[in-house]
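Participant: For reference, the sequence and a predicted model appear below.
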Amino acid sequence: MPQEQLIHTEYSEEMQRAYIDYAMSVIVSRALPDVRDGLKPVQRRTLYDMYELGLRYDHPYRKAARIVGDTMGKYHPHGDASIYEALVVMAQDFKKGMVLVDGHGNFGSIEGDGAAAMRYTEARLTQLTQEAFLADLDKDVVDFVPNFDETEREPSVLPVRVPNLLLNGAEGIAVGMATSIPTHNLSELVDGVIAYMKNPDINTKQMMEYIPGPDFPTGGIVTNKDELEAIYSTGQGRIKLRGRVSFEKGKGGKTNIVITEIPYTMIGSGIGKFLNDAYALVENRTTNDITDISNQSSKEGIRIVIETRRGADVENLLNLLYKKTRLSDTFSVNMLSVVNGRPETLGIVPIIRHHVDFQFELATRKYTTLLNKAKEKQEIQEGLIKACDVIDLIIEILRGSRSQAQAKECMVSGKTDGIRFKSKQSERDAKTLRFTERQADAILQMRLYRLIGLEIEALQKEYEKTLKDIETYSDILENRASMARVIIGELRAFKKAYGRPRRTTIDTIEEVAVVQKPVQELDVAVLIDRFAYARCIDRSTYERNKAAADAESRQILFCKNTDRLGLFTDTGQMHLVKVGDLPIGRFRDKGQPLDNVSKFDSAGEELLFIGCIEQLQEAHLIFVSQEAMIKRVEGSAYDVAKRTTVASKLAPGDKLLLIGLCDETETVVLRSDKDYFLRFGLGDIPEKKKTAIGVRGMKLADGEKLSEAYLLREGENPSVSVNKKEVALGRLRIGKRDTRGVKR
């Protein structure tokens with residue numbers, strides 16, 4: 001048994017090395033596409049496996065589960081979910097500029113519905129994939145490398161003939177970096193590649209005459225055309241998108257806003273998020289111009305209809321939708337890909353340069369292989385033609401030989417030993433034969449029907465065609481211009497067969513401005529019930545229903561409809577609510593939960609005090625916590641813009657017990673859970689900032705907390721029950737703050 005050897009190393013260095021190895025593996029072998037074929041390894045392996053399975057565009061579909069299992073077993077030793085997801089995405093026409101997989105079955109929808117399980121769906125290659133991604137694999141155009149267990153061989157890159165990195169874009173998150181490349185139009189990309197081949201010194205601005213910008217499968221509008229040149233130069237930036245909208249006449253003279261194309265970033269759950277955001281504009285009373293929203297999208301395309309009220313300013317409403325929803329969004333661009341085994345961010349011209357270099361490499365390897373095969377064919381054809389001229393001698397050699405090897409040796413080297421000839425002249429002629437090994441094999445395998453006159457003529461024509469092919473292949477390999485013409489011809493053929501009009505409009509549109517309608521200031525009463533539902537009614541309505549309102553409401557505040565309410569909770573937070581966000585109407589109308597119009601969480605917080613911020617400017621608030629911390633704070637400290645702010649700082653584990661106004665308070669009574677009472681004057685409470693914890697109001701024993709706190713006005717004398725005895729709070733002796741108090 002070999003002796004174990006301990007290796008001493010620095011732990012941090014070992015971890016650093018291991019993490020770098022892991023990061024590079026994720027970057028190169030999982031998350032980022034190769035600049036040459038624009039594919040991630042899982043996509044490349046899936047397409048190659050489908051090619052091996054014979055799933056051509058004109059062949060029957062095959063179960064997706066079979067494709068996934070075969071790919072996982074042969075080439076991609078990772079989870080089947082990641083392979084199936086890659087297969088699904090390559091079949092979704094709303095995600096890819098050109099789909100690479102022809103899916104049969106439920107492959108999901110633009111609204112975020114997932115694909116059916118792989119056992120239910122079927123797939124095969126598209127014609128584009130077969131002709132532009134997988135053609136010529138048998139011509140040694142790319143290197144093949146061993147798979148993960150060295151039982152199979154797979155292509156290191158696919159011989160893709162179109163700039164797929166730009167055509168279908170890419171999204172991926174690696175370690176410490178991410179790629180995000182938009183999709184583009186095939187016809188424009190072909191024109192751009194041809195322009196580069198004709199002028200390798202072309203710059204980004206000139207290239208954008210052919211490729212003006214991204215072309216998303218969902219259409220829409222790119223609104224920052226002026227910024228695209230900088231994005232395409234650096235490979236980084238933000239593309240601003242908008243949905244395509246039209247106006248239609250509705251019933252009763254109303255105008256409907258109809259969305260027919262969405263931003264690419266809205267694919268999936270973004271559509272539902274848009275609908276929810278549009279609903280929220282109505283619920284929050286940001287606008288009252290929307291009367292109904294319906295999603296009428298189908299297989300024919302997107303159609304979201306927003307019905308408006310009669311006389312609505314639809315232009316301003318549309319601007320509001322652009323401002324407040326994902327109808328206007330941004331697409332972050334980071335054109336990161338693997339270049340020569342390393343991640344690199346490239347602009348559009350370098351990406352096309354790498355693509356063109358790859359095309360010349362593919363063409364060189366392809367026509368080198370074709371030339372070698374044509375020369376082999378020429379050699380064989382020359383041998384067959386020569387054999388036809390001396391066919392009688394060859395037949396005599398074959399009949400006089402004892403073995404095939406003996407006959408072949410005679411044809412190759414003229415050795416006649418052991419062969420029986422009819423005449424000495426035949427033997428002398430046989431000694432002059434000098435066929436090559438390949439020619440001799442072809443002659444031995446030749447069938448007799450090839451001796452027919454027409455067959456010999458056909459052989460001669462094939463030979464002439466082979467000579468022309470050799471001349472053509474040699475010219476392509478020796479002259480870069482000839483090779484360029486071939487590549488350009490193939491690109492134009494792809495453009496003619498698969499090109500389609502641009503779907504995304506490129507434009508320069510200024511940021512929208514939403515005109516806020518002036519609000520008429522009214523005196524209102526805010527009614528808040530015991531379930532924390534709030535509503536507004538005008539003061540005259542309140543006066544007519546005063547008795548019922550007072551009986552049903554937990555609190556009533558009189559303010560302006562332009563004021564704000566502060567919701568103070570036991571967790572030390574204050575949540576702002578605009579009075580204008582509360583529904584205003586008739587007395588018996590239903591209110592709005594305060595949770596819906598603020599960040600207040602009724603499940604985790606308790607409301608202790610509600611006040612009008614504008615009325616607190618000259619007032620002071622008292623805060624009392626369970627740990628007997630007490631302080632006064634100026635009400636003006638809560639005139640803030642944030643929807644949630646700290647009302648009072650608390651010690652860990654502490655929470656507020658009481659929040660009240662100081663203005664009419666004369667004394668404060670604190671009661672502990674051990675029935676100690678302490679009463680002291682308001683003047684004993686110092687004024688503090690809202691970010692201060694405060695001072696101790698009452699000395700507590702270990703484990704003791706305050707159970708109640710009371711604010712007493714002058715002359716008030718409420719009673720509380722203690723051990724079945726009534727204690728009059730107004731008759732308690734006035735002591736000093738931070739003392740023990742008296743037991744009751």
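Facilitator: On my side now, so go ahead. Just so you know, these numbers come straight off a predicted model, no measurement behind them. Numbering: from 1, shown residues only.
Participant: what about stretch 432-440, how long is it end to end?
Facilitator: Criterion Cα to Cα, to the nearest Å; first-to-last residue distance in stretch 432-440 is 14 Å.
Participant: And stretch 161-181, by the same measure?
Facilitator: Terminal-residue distance, stretch 161-181 (Cα to Cα): 19 Å.
Participant: burial count for residue 650?
Facilitator: 20 (other Cβ atoms under 10 Å). (Each C-beta comes from the backbone N, C-alpha and C, glycine too.)
Participant: Confirm it sits in a strand?
Facilitator: No - counting by DSSP: H, G, I helix; E, B strand; the rest coil, residue 650 is not found in a strand; it is coil.
Participant: I'd guessed it sits against residue 625; true?
Facilitator: Yes - with contact defined as Cβ atoms under 8 Å, residue 650 counts as touching residue 625 (6.2 Å).
Participant: any shared contact partners between the two?
Facilitator: residue 656 (Cβ atoms under 8 Å, 6 or more residues apart in numbering).
Participant: Now name the helix or strand holding the residue most central in space within the chain.
Facilitator: The residue lying closest to the centre of the chain (Cα atoms, centre = their mean) is residue 171, at 6.5 Å. Using DSSP states H and E, residue 171 maps to strand 170-173.
Participant: who touches that strand?
Facilitator: 31, 32, 33, 38, 40, 178, 179, 180, 181, 337.
Participant: Following element in sequence after the lowest-mean-pLDDT helix or strand in the chain, please.
Facilitator: The weakest-scoring helix or strand in the chain, judged by mean pLDDT, DSSP states H and E, is helix 11-26 (a mean of 69). Later in the chain than helix 11-26, the nearest helix or strand by DSSP H and E is helix 41-52.
Participant: for that following helix, what is the average pLDDT?
Facilitator: On average, the pLDDT along helix 41-52 is 95.
Participant: Which other helices and strands does the very next helix or strand once past it contact?
Facilitator: Later in the chain than helix 41-52, the nearest helix or strand by DSSP H and E is strand 62-63. Helices and strands touching strand 62-63, as assessed by 3 or more Cβ pairs under 8 Å, 6 or more residues apart in numbering; DSSP states H and E, comprise strand 122-125.
Participant: follow-up on the earlier one: what's the average pLDDT for the strand holding residue 171?
Facilitator: 86.
Participant: Which neighbours in the sheet does it have, and how are they oriented?
Facilitator: Strand 170-173 has the following strand partners under DSSP bridges: strand 178-181 (antiparallel).
Participant: Okay, buried residues for the strand it pairs with please.
Facilitator: Buried residues in strand 178-181, counted by 16 or more other Cβ atoms under 10 Å: 179, 180, 181.
Participant: what's the burial count for residue 133?
Facilitator: 24.
Participant: now do residue 480
Facilitator: 13.
Participant: likewise residue 139?
Facilitator: 16.
Participant: thought it was touching residue 372?
Facilitator: No - between residue 139 and residue 372 there is no contact under Cβ under 8 Å: 10.1 Å.
Participant: Could you check how far the longest helix anywhere in the chain is from the centre of its chain?
Facilitator: When the chain is parsed with DSSP state H, its longest helix is helix 348-389. How far helix 348-389 lies from its chain's middle: 42 Å, per Cα atoms, centre = their mean, to the nearest Å.
Participant: And for stretch 386-406?
Facilitator: Between the centre of stretch 386-406 and the centre of its chain there are 71 Å (Cα atoms, centre = their mean).
Participant: And for stretch 73-91?
Facilitator: Taking mean C-alpha positions (Cα atoms, centre = their mean), stretch 73-91 and its chain are 18 Å apart.
Participant: likewise stretch 71-78?
Facilitator: Using Cα atoms, centre = their mean, the offset of stretch 71-78 from its chain centre is 25 Å.
Participant: Tell me the buried residues in it?
Facilitator: Those would be 71, 72, 74, 75, 76, for stretch 71-78 by 16+ other Cβ under 10 Å.
Participant: Quick one: which of the residues you listed has the lowest pLDDT value?
Facilitator: Minimum pLDDT across the buried residues of stretch 71-78 is recorded for residue 76, with 91.
Participant: from what I can see it touches residue 83, true?
Facilitator: Yes - in this structure residue 76 lies within contact range of residue 83 using Cβ under 8 Å: 5.8 Å.
Participant: Quick check: neighbours shared by those two?
Facilitator: 42, 46.
Participant: circling back to that earlier point, specify the beta-bridge partners of the residue nearest to the centre of the chain.
Facilitator: residue 180.
Participant: Distance of it relative to residue 76?
Facilitator: Residue 171 sits 19 Å away from residue 76, going by Cβ to Cβ, to the nearest Å.
Participant: Please, where are all the strands along the stretch 151-300 of the chain?
Facilitator: For the stretch 151-300 of the chain, the strands defined by DSSP state E, counting those that start in this stretch cover 153-155, 170-173, 178-181, 221-222, 236-242, 244-249, 255-261, 290-295.
Participant: repeat for the stretch 401-550 of the chain
Facilitator: Using DSSP E, counting those that start in this stretch, strands in the stretch 401-550 of the chain cover 505-506, 523-528, 533-538.
Participant: Tell me the helices and strands packed up against the last one.
Facilitator: With contacts defined as 3+ Cβ pairs under 8 Å, 6+ apart, strand 533-538 has these neighbours: strand 523-528, strand 592-593, helix 594-597.
Participant: Report the contact partners of the nearest residue to residue 618 once chain neighbours are set aside.
Facilitator: Nearest residue to residue 618, sequence neighbours excluded (Cβ to Cβ, 6 or more residues apart in numbering): residue 635, at 7.0 Å. Applying Cβ under 8 Å, 6+ apart, we find residue 635 in contact with 611, 616, 617, 618, 619, 620, 621.
Participant: try residue 575
Facilitator: 566, 567, 569, 594, 598, 599, 600, 643, 644.
Participant: rerun at 10 Å
Facilitator: Residues near residue 575 by Cβ atoms under 10 Å, 6 or more residues apart in numbering: 565-569, 594-595, 597-601, 605, 607, 610, 642-645, 647.
Participant: Among the residues you listed, which ones are in strands?
Facilitator: Among the contacts of residue 575, DSSP state E puts 565, 566, 567, 568, 569, 607, 610, 644, 645 in strands.
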